[in-house]
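Peer 1: Sequence below, structure please.
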Amino acid sequence: MRQRVHREVILATKVKPMEPALDESARLKRLSELSIDLISPDPVLDALVDAACLAAGTPVGLITLLDSERQWFKSKRGIEGEGSAREDAFCHYTIRSSKPFVVPDAVRDVRFAENPFVTKSDGIRFYAGVPLEIEPGLRLGSLCVLDRVPRRLGADVRGLLDRLARCAVERLLQFEDRYLLSRIDTGRLDRAKADKAALALAEEALANGLFMLHYQPKVALDTGRRIGFEALLRLRRPDGSVFGPTAFSAALEDPIVSRRIGNHVLQTAIVQARVWEAAGLDFGHIAINVSSSQFSALPGSPCLVDEVLGATRSAGLSPRRIQIEVTEGVMLSEQDGDIGTQLEALRAAGFIVAFDDFGTGFASLVHLKQFAYDQIKIDGSFVRAMTHSSADRAIVKAIIDMANALGKRVVAEGVETISERVALQELGCQYGQGFLFGRPASVSELRFFL
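Peer 2: Numbers count the residues shown, from 1 in each chain. A predicted model of the protein is given here:
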């Protein structure tokens, strides 16, 4: 067997010529400017590596950063150590191109047949890496998956790894400090102007009562019975035109304005729930999204749990009529310690808490263990892709199985076709939301269906 492997290595010497050398000085300068701690663990990047291993079905995963001499394991699964010599790193080849780099069988590849990671008893045989390209041509490392047996990688899994790599790049950019401020360009100035206009639009809407709620039904997938609604924020201009959150997204990031908007959503939803209840309508519940700013207690302003409890009690409304939806962005905010306490308090008071847009952020797996919640909402992008992507279907199944094992309910968002509904039912999903069951509508439009 040893002779056969040696012969195959000799035959593998006809490899593609090296790509042009990187601008190594610019690459190293950019790595330094990001001020990344190369050793300390990061739960966000750890969750991305977990997701990559799950998608590819591999026991080993890494996010690596390469300096002039070493490859550093910024995040790792299934492998020991803090890094290796750069000359031994598969990722040394990955950063030479903007395309994924795949080695189906390292023993058959002359570049790696004698590599210390390959030759040891439980050595690496398969490698697939996606470069972490911070800027065009500047690739600092890779997100990669590895296995100890030869294998292939499907196009759908490559696509998922590419999406995870882009998330890793965004996370690395968050380490940046003064560097971004020194690189203000026309595009950033234009975005700053757009953000300023969005804040002004939100202020006008709050002052003149232009914000309104549309309601989208949620149903039980087995019976089609409506179980409730999600309240979705809209802005109606005086000319009658209606805009979604993208028109004022900057306001939702502002701690003061977003808090005022959140309070408006809560109060409006409670009033509407009270009206429907008084009319004897079986509407189930209204779910509202909350922002991280609402969890903070400011002078003269209560924190979220006090605000929700006070508003529902004043309206004489059961906690089961209002559900609280929290995204990963909220959970990753600086108030995360207090957020967990408040979510526990809300659940103890009888409110249902849902983990919204699961799978699209950075740290879903971390926060599944960390926070109090009753439901998981699977993001619509996975639902739309799962009927023609085995990898996305596997991820949806894993989320549903995990939620069921934890005793949590699952709501699939973005359900648009009957085939998606059937697939979700087969996988054990209980509830769905999407255009198949109803588009977001104003109260006047809903009167015909309630």
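Peer 1: Going by C-alpha atoms from here, please, whenever you check contacts or count neighbours.
Peer 2: OK.
Peer 1: give me the low-pLDDT residue ranges for the chain?
Peer 2: Within the chain, the segments meeting pLDDT under 70 span 1-22, 176-189, 299-300, 331-337, 359-370, 447-450.
Peer 1: again, 50 this time
Peer 2: For the chain, the stretches with pLDDT under 50 are 1-20, 178-179, 182, 336, 363.
Peer 1: Domain boundaries for it, per the record?
Peer 2: Following the assignment in automatic domain parsing, the chain carries domains at 2-181, 186-446.
Peer 1: I'd like those as JSON lines, with mean neighbour count appended.
Peer 2: Below are the domains of the chain laid out as JSON lines (neighbours: other Cα atoms under 10 Å):
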{"stretch": "domain 2-181", "mean neighbour count": "18"}
{"stretch": "domain 186-446", "mean neighbour count": "18"}
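Peer 1: helix or strand right after the helix or strand harbouring residue 312?
Peer 2: Secondary structure from DSSP states H and E places residue 312 in helix 304-315. As assigned by DSSP H and E, the chain's next helix or strand after helix 304-315 is strand 322-326.
Peer 1: what inclination does that following strand have with respect to helix 304-315?
Peer 2: 160 degrees (axes from the mean of the first three to the mean of the last three Cα atoms, to 10 degrees).
Peer 1: by contact count, what packs against the helix holding residue 312?
Peer 2: With contacts taken as 3 or more Cα pairs under 8 Å, 6 or more residues apart in numbering; DSSP states H and E, helix 304-315 sits against helix 255-278, helix 336-348.
Peer 1: Check which helices and strands the shortest one is in contact with.
Peer 2: With contacts defined as 3+ Cα pairs under 8 Å, 6+ apart, the secondary structure elements packing on helix 336-348 are helix 304-315, strand 352-358.
Peer 1: Of all these, which one comes closest to residue 54?
Peer 2: Counting by Cα to Cα, residue 54 lies closest to strand 352-358 out of the helices and strands packed on helix 336-348; the figure is 15.1 Å.
Peer 1: Can you name every helix or strand that that closest one contacts?
Peer 2: Using 3+ Cα pairs under 8 Å, 6+ apart, the elements in contact with strand 352-358 are strand 322-326, helix 328-331, helix 336-348, strand 375-378.
Peer 1: Compare those and give me the one nearest residue 298.
Peer 2: Per Cα to Cα, nearest to residue 298 of the helices and strands packed on strand 352-358: helix 336-348, 13.5 Å.
Peer 1: the inter-axis angle of the closest one versus strand 322-326?
Peer 2: 160 degrees.
Peer 1: Can you pull out the residues in contact with helix 336-348?
Peer 2: The contact list for helix 336-348 (Cα atoms under 8 Å, 6 or more residues apart in numbering) reads 295, 304-305, 330-331, 352-353, 370-373.
Peer 1: Figure out how far it is from the centre of its chain.
Peer 2: Centroid separation between helix 336-348 and its chain, computed with Cα atoms, centre = their mean, to the nearest Å, is 21 Å.
Peer 1: Alpha carbons of that helix, as CSV, please.
Peer 2: C-alpha atoms of helix 336-348 as CSV (Å, rounded to 0.1, in the frame of the first residue of the first chain):
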residue,chain,number,x,y,z
ASP,A,336,-27.0,40.4,26.9
GLY,A,337,-26.6,39.5,30.5
ASP,A,338,-29.7,41.5,31.5
ILE,A,339,-31.6,40.3,28.4
GLY,A,340,-31.5,36.8,29.7
THR,A,341,-32.9,37.8,33.1
GLN,A,342,-35.7,39.8,31.5
LEU,A,343,-36.7,37.0,29.1
GLU,A,344,-36.9,34.6,32.1
ALA,A,345,-39.1,37.1,33.9
LEU,A,346,-41.4,37.4,30.9
ARG,A,347,-41.7,33.7,30.5
ALA,A,348,-42.4,33.4,34.2
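Peer 1: Next, the angle from it to strand 352-358.
Peer 2: Interaxial angle, helix 336-348 versus strand 352-358 (the same axes, to 10 degrees): 130 degrees.
Peer 1: if we can go back for a sec, report the angle between the axes of the helix holding residue 312 and helix 255-278?
Peer 2: Going by the same axes, to 10 degrees, helix 304-315 is angled at 30 degrees with respect to helix 255-278.
Peer 1: that older thread, so which of the helices and strands packed on helix 304-315 is nearest residue 135?
Peer 2: Ranking these by their distance to residue 135 (criterion: Cα to Cα) puts helix 255-278 first, at 29.7 Å.
Peer 1: residues making contact with the helix holding residue 312?
Peer 2: Taking contacts as Cα under 8 Å, 6+ apart, the residues outside helix 304-315 that touch it are 266-267, 270-271, 274, 294-297, 318-319, 342-343, 345-346.
Peer 1: 10 Å instead, please
Peer 2: Identification of contacts with helix 304-315 by Cα atoms under 10 Å, 6 or more residues apart in numbering yields 259, 262-263, 266-267, 270-271, 273-274, 290-297, 301-302, 316-319, 321-322, 324, 339, 341-347, 349, 351.
Peer 1: which phi and psi does the residue lying closest to residue 269 once chain neighbours are set aside have?
Peer 2: Distance criterion Cα to Cα, 6 or more residues apart in numbering; nearest residue to residue 269, sequence neighbours excluded, is residue 286 at 6.8 Å. With angles defined as degrees, to the nearest 10, residue 286 sits at phi -120, psi 120.
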